[in-house]
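K.L.:
Any chance you could fold what I've pasted below:
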Amino acid sequence: MSNSSSNQPSTKEEFLQELEGFIEVDVVNLDDFHLSLARLYLMLYYEGSIQKKIKLLSLSDNDPFIFIGVKILKQDYMRLFMNYDLIKPFNEMLKKQVRRIQDHASIYNKICNLNPEFENTEFAEPIYNLLNYDEQETIINRELKRKRWNYTLKFSHSQNEEQLQEHQNDLKQFYHFVMELHYIHEHRIALNYSKWNYRSLTILDIDLLPKLSIQELQIPSISHNENKDELYFSGDKQILYYMNEMFLEIQSNPAKKRFLFLRSILREADLYDNYKDELTEKFLPQVEIFEAKFKTGSLKETHLIPT
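P.N.:
Prediction:
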């Protein structure tokens, strides 16, 4: 990165070039994949100006090269730090570098699998099973083509439109969370970034995530019968199977024996305790919603229908 100030007004293009050099040279360290990802994710997932993103990095990292790089950038381009038009291209740079790290990690992992002696024992945490963009995309596309099953929720009496909409929203949120667990369990992929999960899981590429959003999937695809006392929907068979098991456990098991699928994931996935707590705190409120539906009798039965 250049360290010479110009007497001419700095252009956006020059600023972006300097930013890219700063990220590639000062932020990314190919000898430490996790450190590099920590820095990149910190800025990528923070919603704010470039100035705030870089300030966040500076406050969380005492690397002298980052300190010097930021100082030079501010000296030459301070007026452009708050330009909101540049946030998108800056985020694209960050995504590019995340993919660069994942490519290197994926290659490193393949080499280690072929030649175990190659593995660098200086790395304290052997978590280089990171999937690159192409590998992630292949998994997502394969998952989206999987077989679908049908599901029915039967209520004790007719529901009005507002109640039906509430049930639909609750179902979608529950389904989507179970899908998160499924990707952790099956593919060691986290659909959402957490400062506690990037060291043990691949964070799904931010450009692939929309493929799995509730809006894009339109899953569960929900309809109701004429009497409005039944909801029908379809979705991925494995996710619906896990959902059904959870609903059955809500109805029949005491709390300490519920959710064996969730417990097994938290136990076996080698996740940080803080991330386990995050998942649990996210899940329990959704459980309470369906517990209340069963307890009040408004939700009477659930039926998984393999096709």
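K.L.:
And the average pLDDT for stretch 227-238 is what?
P.N.:
For stretch 227-238, the mean pLDDT works out to 89.
K.L.:
quick one: contacts of that stretch?
P.N.:
With CB atoms under 8 Å, 6 or more residues apart in numbering as the contact definition, stretch 227-238 has outside contacts at 143, 146-160, 164, 167-168, 171, 175, 179, 182, 186, 219-225, 306. For glycine as for every other residue, the C-beta is placed from the backbone atoms N, C-alpha and C.
K.L.:
Pull out the buried residues from that stretch.
P.N.:
Of the residues in stretch 227-238, those buried by neighbour count under the rule 16 or more other CB atoms under 10 Å are 229-238.
K.L.:
Among those residues, name the ones in strands.
P.N.:
Secondary structure assignment by DSSP state E places 230-236 of the buried residues of stretch 227-238 in strands.
K.L.:
out of the contacts of stretch 227-238, which are buried?
P.N.:
With neighbours counted by 16+ other CB under 10 Å, the contacts of stretch 227-238 contain buried members at 143, 148-151, 153, 155, 159, 164, 167-168, 171, 175, 179, 182, 219-220, 222, 224.
K.L.:
In strands, which of the residues you listed fall?
P.N.:
Reading strands off the buried ones among the contacts of stretch 227-238 with DSSP E, I get 148-151, 153, 155, 224.
K.L.:
could I get those as TSV with distance to residue 274?
P.N.:
As requested, those are exported to TSV (distance: CB to CB, whole Å):
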residue	distance to residue 274
148	35
149	34
150	38
151	33
153	34
155	38
224	40
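K.L.:
so the closest residue to residue 129 other than its chain neighbours is in which element?
P.N.:
Spatial nearest neighbour of residue 129, chain neighbours left out: residue 109 (5.5 Å); criterion: CB to CB, 6 or more residues apart in numbering. With secondary structure defined by DSSP states H and E, residue 109 is part of helix 87-114.
K.L.:
where in the stretch 151-300 of the chain is pLDDT low?
P.N.:
Low-confidence segments of the stretch 151-300 of the chain, defined by pLDDT under 70: 214-221, 253-258.
K.L.:
go with 80
P.N.:
By pLDDT under 80, the weakly predicted segments of the stretch 151-300 of the chain are 213-221, 252-270, 297.
K.L.:
Need phi/psi at the residue positioned nearest the centre of the chain.
P.N.:
Note on the chain: the residue nearest the mean C-alpha position is residue 192, at 1.6 Å, using CA atoms, centre = their mean. The phi and psi torsions at residue 192 (degrees, to the nearest 10) take the values phi -130, psi 140.
K.L.:
List the contacts of it.
P.N.:
When contacts are counted by CB under 8 Å, 6+ apart, residue 192 is found next to 180, 203.
K.L.:
got it, and residue 60?
P.N.:
In this structure, residue 60 makes contact with residue 42, judged by CB under 8 Å, 6+ apart.
K.L.:
what about it, distance to residue 224?
P.N.:
Note on residue 60: its distance to residue 224, by CB to CB, to the nearest Å, is 49 Å.
K.L.:
now residue 295
P.N.:
Using CB to CB, one gets 22 Å for the distance from residue 295 to residue 224.
K.L.:
cool, and residue 294?
P.N.:
When distances are taken as CB to CB, residue 294 and residue 224 turn out to be 19 Å apart.
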